[in-house]
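>>> could you look at this predicted model? Sequence included:
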Amino acid sequence: MTLVGLDDTDSRTEGMCTTYVAARVADALEAAGGHVERRLLIRLNPAVEYKTRGNAALCLETDLDPDRAFELATATVDELAVVDDPRTEPGVVVADAVAADVPDTVADFARRALRERLRVADAVALLERLEYRHEGGRGRIGALAALGAHRAFDDWTYEHIAYRDLSRCGTPREIDGESVHAAAEDAYPEAWDTVDRVEDELVCVPAAPGPILYGIRGDDPETVRSAAAAIESEPVTEAVTYRTNQGTDAHLRDGTIESVRDGRAYRVDGVVSDAPETRAGGHVHLTIADGDARLPCVAFEPTKRFRDRVRGLRVGDDVTVCGEVSDGTLKLEKFALRDPVTTESVVPTCPDCDRSMKSAGRNQGYRCRDCGTTAPGRVERPLDRQLESGWYEVPPCARRHVAKPLVRGGFDAPTHPER
């Protein structure tokens, strides 16, 4: 068997899409007499600064000869990649291998590519050692990682992507919104993040000027294909169902407040030490602590109603936070309220006058100035908490591709999914 890896063929401003390039490579492989056994769409580290929005790399597994596969893949990339963008550095990697049997070093490279920032030199050194065919620039990092993904990850989902004619790229997509909402409702929860019902947004329809018409994500291939078939739109020129690590939280690693580093994503436990505060731009900031160690966290304005969940936290709440760390601040993707504070310390109320007491002096407790009743100190009053214990997440309109929706299950506390 032959593995073909591709990455970094698109542009933030000029469009294109590496999934589309991979689809065209697969067409070329099959036109040459090969059979494509597996198509993988792999999301890599979302913290990499030179990524396009999704940071996707692709792997195709085929029975075509490696030399012929390499020739066809490089020719297709040369034809379609947006190399006029100085940030775009396509990469092609081809190996005479089976996805299930790639070396441990390649599987480890794939895991690292999702959780670290790797260098081209790291990829090239391993490629040369393994004698894999390769061509291009920075995209060889993702292309090599895609080859190791089958062995690297255990949790898999699916995305069915419908493509429009290239001549339409840059023009408004013609999609019937009602049909998308109906398809989303019928397929939920097996298919998720198709729409955002609260924001009335078609999440499955990209805004970028590329060839993707829409993409349906879910837990099994039949569900995503069935949902896509129910959508009314402009002509679909090609459609591909990819197996993917999207919606799996594969980018998160367990960490501590003291150990987090920029450019990586974590799952961290702590106690709210600074109350949530809404600042300029509508971003909500708070700080969690573990002993003397402190970690600033932020829910950005595009996370919409998720910010209200964050605002519901109080100093003293025991929480788990998840997200990427940048400039020492964790960008919240989801959090769990573990052990909420249920009382607050307040000035006592006079039992006779029903009025707040006043301080009687330092270390002298409190006294009612009307009747003279005294109290030794502040008292605990029950809190009316609107936020229940459990997991909370950003809405579908703000979710990163690799982040796991709560509706998929497998979490260690009650969940409050967003739709």
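Received it, and whenever you're ready, just let me know what you need.

>>> any chance you could map the strands in the stretch 51-200 of the chain?
Using DSSP state E, counting those that start in this stretch, the strands found in the stretch 51-200 of the chain span residues 56-62, 91-95, 133-136, 157-163, 191-192.

>>> which regions of this structure sit below the pLDDT cut-off?
13, 49-54 (pLDDT under 70).

>>> domains of it?
2-152, 157-244, 252-342+384-408, 343-382 (automatic domain parsing).

>>> please identify the deepest-packed of the ones you listed.
Among the domains of the chain, ranked by average contacts under mean count of other Cβ atoms under 10 Å, first place goes to domain 2-152 (a mean of 21). C-beta here means a position set from N, CA and C on the backbone, and glycine is covered the same way.

>>> got the end-to-end distance for that one?
18 Å (Cα to Cα, to the nearest Å).

>>> off-centre distance for that domain?
In terms of Cα atoms, centre = their mean, to the nearest Å, the centre of domain 2-152 is found 20 Å from the chain centre.

>>> still on that earlier bit, can you list the domains of the chain in TSV and add distance to residue 419?
TSV is the format used below for the domains of the chain (distance: least, Cβ to Cβ, whole Å):
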stretch	distance to residue 419
domain 2-152	22
domain 157-244	5
domain 252-342+384-408	7
domain 343-382	32
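
>>> looking at those, which is closest to residue 417?
Nearest of the domains of the chain to residue 417, taken as Cβ to Cβ: domain 252-342+384-408 at 4.2 Å.

>>> in this structure, spot the strand with the most residues.
strand 264-278 (DSSP state E).

>>> convert it to CSV, retaining C-alpha atoms only.
The C-alpha trace of strand 264-278 is given here as CSV (Å, rounded to 0.1, in the frame of the first residue of the first chain):
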residue,chain,number,x,y,z
ARG,A,264,-0.2,24.4,23.5
ALA,A,265,-3.8,23.5,24.7
TYR,A,266,-4.6,22.1,28.1
ARG,A,267,-7.1,20.7,30.6
VAL,A,268,-6.3,22.4,33.9
ASP,A,269,-7.8,22.3,37.4
GLY,A,270,-8.0,25.3,39.7
VAL,A,271,-10.1,27.6,41.9
VAL,A,272,-11.5,30.8,40.7
SER,A,273,-9.4,33.5,42.4
ASP,A,274,-10.4,36.7,40.5
ALA,A,275,-14.1,37.1,39.7
PRO,A,276,-15.2,37.3,36.0
GLU,A,277,-14.9,40.8,34.6
THR,A,278,-16.2,42.0,31.3
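
>>> parallel or antiparallel, which strands does that strand pair with?
Using DSSP bridges, strand 264-278 pairs in its sheet with strand 252-255 (parallel), strand 284-290 (antiparallel), strand 318-326 (antiparallel).

>>> same list (the ones you listed) but as CSV, adding distance to residue 379.
Formatted as CSV, the strands paired with strand 264-278 follow (distance: least, Cβ to Cβ, whole Å):
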stretch, distance to residue 379
strand 252-255, 38
strand 284-290, 26
strand 318-326, 23
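
>>> tell me how far the residue of the chain most remote from its centre lies from residue 359.
Relative to the centre of the chain, the most outlying C-alpha is that of residue 371, 60.6 Å out, by Cα atoms, centre = their mean. The spacing between residue 371 and residue 359, counted by Cβ to Cβ, to the nearest Å, is 16 Å.

>>> for residue 250, same thing?
Counting by Cβ to Cβ, the gap from residue 250 to residue 359 is 55 Å.

>>> ok, now residue 337?
According to Cβ to Cβ, residue 337 stands 34 Å off from residue 359.

>>> now do residue 152
For residue 152, the distance to residue 359 - Cβ to Cβ - is 62 Å.

>>> could you do residue 298 as well?
From residue 298 over to residue 359 the distance is 37 Å, taken as Cβ to Cβ.

>>> picking that back up, export the strands of the stretch 51-200 of the chain to JSON lines and tack on distance to residue 39?
Formatted as JSON lines, the strands of the stretch 51-200 of the chain follow (distance: least, Cβ to Cβ, whole Å):
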{"stretch": "strand 56-62", "distance to residue 39": "6"}
{"stretch": "strand 91-95", "distance to residue 39": "15"}
{"stretch": "strand 133-136", "distance to residue 39": "19"}
{"stretch": "strand 157-163", "distance to residue 39": "10"}
{"stretch": "strand 191-192", "distance to residue 39": "18"}
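
>>> from residue 229, how far off is the residue farthest from the centre of the chain?
The spacing between residue 371 and residue 229, counted by Cβ to Cβ, is 76 Å.

>>> leaving out sequence neighbours, find the closest residue to residue 189.
Excluding the flanking residues, the one nearest residue 189 by Cβ to Cβ, 6 or more residues apart in numbering is residue 407, at 4.5 Å.

>>> any idea how far apart the tips of stretch 151-160 sit?
Start-to-end, stretch 151-160 (Cα to Cα) is 22 Å.

>>> now stretch 366-383
Start to finish, the residues bounding stretch 366-383 are 22 Å apart (Cα to Cα).

>>> ok, residues contacting it?
Stretch 366-383 has contacts (Cβ atoms under 8 Å, 6 or more residues apart in numbering) with 314, 341-348, 350-353, 355, 357-360, 365.

>>> can you give me the helices for the stretch 51-200 of the chain?
All helices of the stretch 51-200 of the chain, identified by DSSP state H, counting those that start in this stretch, fall at 66-80, 104-115, 120-130, 139-152, 177-187.

>>> turn those helices into TSV, including distance to residue 396.
Output for the helices of the stretch 51-200 of the chain, formatted as TSV (distance: least, Cβ to Cβ, whole Å):
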stretch	distance to residue 396
helix 66-80	30
helix 104-115	22
helix 120-130	33
helix 139-152	24
helix 177-187	9
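
>>> thanks a lot, see you next time.
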